[in-house]
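Peer 1: One predicted model, sequence on top.
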Number of protein chains: 2
Amino acid sequence: MKPQRLAQLGLMLAMGLTTSAQGADLMTRAQQTFDPVPQYPASLDGNELTEAKVALGKMLFFEPRLSASHLISCNTCHNVGMGGHDYLPTSIGHGWQKGPRNSPTVFNAVFNAAQFWDGRAADLAEQAKGPVQAGVEMSSTPERVVATLNSMPEYQQRFEDAFPGDQAPVTFDNMATAIEAFEATLTTPNARFDQYLRGDPSALNEQEQEGLALFMDRGCAACHDGVNLGGQSYFPFGLVTKPGGDILPQGDKGRFAVTETASDEYVFRAAPLRNIALTAPYFHSGAVWDLEEAVSVMGTAQLGTKLEPNEVEAIVAFLGTLTGDVPKIEYPVLPVSTDTTPKPDPMVP
Amino acid sequence: MKPQRLAQLGLMLAMGLTTSAQGADLMTRAQQTFDPVPQYPASLDGNELTEAKVALGKMLFFEPRLSASHLISCNTCHNVGMGGHDYLPTSIGHGWQKGPRNSPTVFNAVFNAAQFWDGRAADLAEQAKGPVQAGVEMSSTPERVVATLNSMPEYQQRFEDAFPGDQAPVTFDNMATAIEAFEATLTTPNARFDQYLRGDPSALNEQEQEGLALFMDRGCAACHDGVNLGGQSYFPFGLVTKPGGDILPQGDKGRFAVTETASDEYVFRAAPLRNIALTAPYFHSGAVWDLEEAVSVMGTAQLGTKLEPNEVEAIVAFLGTLTGDVPKIEYPVLPVSTDTTPKPDPMVP
């Protein structure tokens, strides 16, 4: 974390402690700190959302033949029927291997400044290439993916339609670009908190407003701000007090693996909190199932504060207002395999 | 297989060989042998298809928390986006175990006389209970399933709505009944062959009609008849010539395991052929990827006939007309887990 960001964090914490939780300006302050989920899909720099591209991306998102086993698709771990994730501490992948970190929700992921718990992918297209190739996830290769997609005439046609002008549109990069386009449509607008941010004070009840005030006053919003209430920057987990090894396993040093900078040890991207009530278990370790416990841990570890039970309850009540309308998705019909489609290989490597 | 059934089969084979393949009565004969897939969902004895029950059944069909791992749902192996199955020789289940037999398509399964390759389940409700409990598939228990469903208020309400009048509607049996109701809607009407059976001779081209004639004349239709062109009765695989152990593994004696009758060794339910072009690989072993090869094997093994290449091509062309309209399915939104939901247990047993 950069020094000015740490200073800013300290300033916000200090300000929070001296501000009235019940100020009449609660809504104004919230509007200055957070943004509602837009009603329409986000636009992406350099990746225009066309109908053809989004439809292709949806097929690829549900396509288990992108994995070596032909069993695992993006939707396996980012299940659009279950809050955009898999309700597992860490995901199960190729060969029933356990992934190293909790699978983040795909919903609203487009609003994160970077992807993965350590932010190692700049955007969703870069992210999409990771699990497809990871040995513990889908265990495929770019060559195998391209051969698979090229083996089915319908995919060839759809890549042509989605990437007009490309000489050879069926590429690993275009696969990722199409998936990113589809994922950009996986947003959850109209949460009660969004109605509040748009000016309706009755959208949050008294306890939820109290929770919102605490969320800002105690400093949670220093890291969890913006559209996604998180997902924008990196912070050490255990800023004040390191949690135990069950929650913060010593073997996973977070962003240090990306930057190899000592100050990035145990640094992670602040988790985005949209639909947090739907995405247990919590933290990169997936070690905590209970949202109240997760809030308490955050109080101790990040803020150096033991939150009172009624404060935790109020914050959790507020977090419950971050659940939006999940997207309606018609299951895509995938093309039939052909003679030249690489055969499933469940037992590699 | 009962003796009279074998005699009937012999008679049909003999008749077939003396009947002109190009008879003007082709359509009439086809109409006497096959039935079109109905345009509306099948009705089920003792299981009325109500909107509430079908909607619940759809949720359960996509519900990975019916498995011990929380990873595997019915849709994992009976993928509604991929012809109702998984394009694998044999399915991958709990702990990445390999199932013993090829996963049959769920599409039109309601028209089969019995379920599983050995017909050991009388109907889809009985079938649905199998994989949920099988150690190599979902590895759960009825108790765990009921505890899981009861832990989520939305499921409690939906079971009440689907089974009005039941004192305690959340049961393992009702789970299966609801899944059966949903699966009864997974039919694929309007195949070109159905248009032909309904009186449109132009729905099949010349080669396809030739394939249809061969299919009846050479005796394929003796076992593969009715709505599903199969799925109605049991026959020895290798009636005339046993295929090799790669296609007919010695360790799997088929229906013998159900009846313990010597004459049921290597006896299997005749595979239903609807959408066969979408459901490679073929046979209970899933050993054959190519439909032409599968047809050739059937000729040798079941009919004692070496089909000529142009005959195989014509039959495969005819089989391609059995592909119907696949159902449109909106991905269900599943309820959020609660404190009392049994935790995923990916490592049992």
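Peer 2: Nice, I can see it.
Peer 1: which residues does A:F62 contact?
Peer 2: Contact partners of A:F62, counting by Cβ atoms under 8 Å, 6 or more residues apart in numbering or on different chains, are A:73-75, A:331-332, A:334, B:81. No exception for glycine: its C-beta is placed from N, CA and C like everyone else's.
Peer 1: Let's have the residues you listed in TSV, adding distance to A:R218.
Peer 2: Listed next are the contacts of A:F62 as TSV, based on distance: Cβ to Cβ, whole Å:
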residue	distance to A:R218
A:S73	40
A:C74	36
A:N75	37
A:Y331	43
A:P332	44
A:L334	48
B:G81	46
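Peer 1: In helices, which of the residues you listed appear?
Peer 2: Using DSSP state H, A:74-75 are the members of these that sit in helices.
Peer 1: Contact partners for A:P38?
Peer 2: A:187, A:189, A:227.
Peer 1: quick one: the strands in chain A?
Peer 2: Along chain A, counting by DSSP state E, strands occupy A:234-236, A:267-269.
Peer 1: interface residues of the stretch 201-349 of chain A facing chain B?
Peer 2: A:277-278, A:280, A:289-290, A:326, A:328-334, A:336-337, A:339, A:343-344, A:346 (Cβ under 8 Å from any Cβ of the partner chain).
Peer 1: Not counting its neighbours along the chain, what's nearest whatever residue of chain A ends up closest to chain B?
Peer 2: Chain B sits closest to A:W96 of chain A, with a gap of 3.7 Å, by Cβ to the nearest Cβ. Nearest residue to A:W96, sequence neighbours excluded (Cβ to Cβ, 6 or more residues apart in numbering or on different chains): B:W96, at 3.7 Å.
Peer 1: cool, and A:G199?
Peer 2: Closest to A:G199 by Cβ to Cβ, 6+ apart is A:M27, at 7.5 Å.
Peer 1: Thought A:Y196 was touching the one you found, still the case?
Peer 2: Yes: using Cβ atoms under 8 Å, A:M27 makes contact with A:Y196 at a distance of 6.8 Å.
Peer 1: the more surrounded of these two?
Peer 2: When A:M27 and A:Y196 are compared for neighbours, A:Y196 comes out ahead with 24 against 18, by other Cβ atoms under 10 Å in any protein chain shown.
Peer 1: for that one, what are its contacts?
Peer 2: A:27, A:30, A:203-204, A:212, A:321 are the contacts of A:Y196 under Cβ under 8 Å, 6+ apart.
Peer 1: Most neighbours among the residues you listed, which one?
Peer 2: Top of the contacts of A:Y196 by neighbour count (other Cβ under 10 Å): A:L212, with 28 neighbours.
Peer 1: Tell me the pLDDT of it.
Peer 2: The model reports A:L212 with a pLDDT of 98.
Peer 1: So what's the gap between stretch A:296-314 and the chain middle?
Peer 2: 23 Å (Cα atoms, centre = their mean, to the nearest Å).
Peer 1: which residues sit against that stretch?
Peer 2: With Cβ under 8 Å, 6+ apart, stretch A:296-314 has contacts from A:13, A:207-208, A:210-211, A:214, A:218-220, A:223, A:235, A:237-243, A:247, A:283, A:288, A:292, A:295, A:315.
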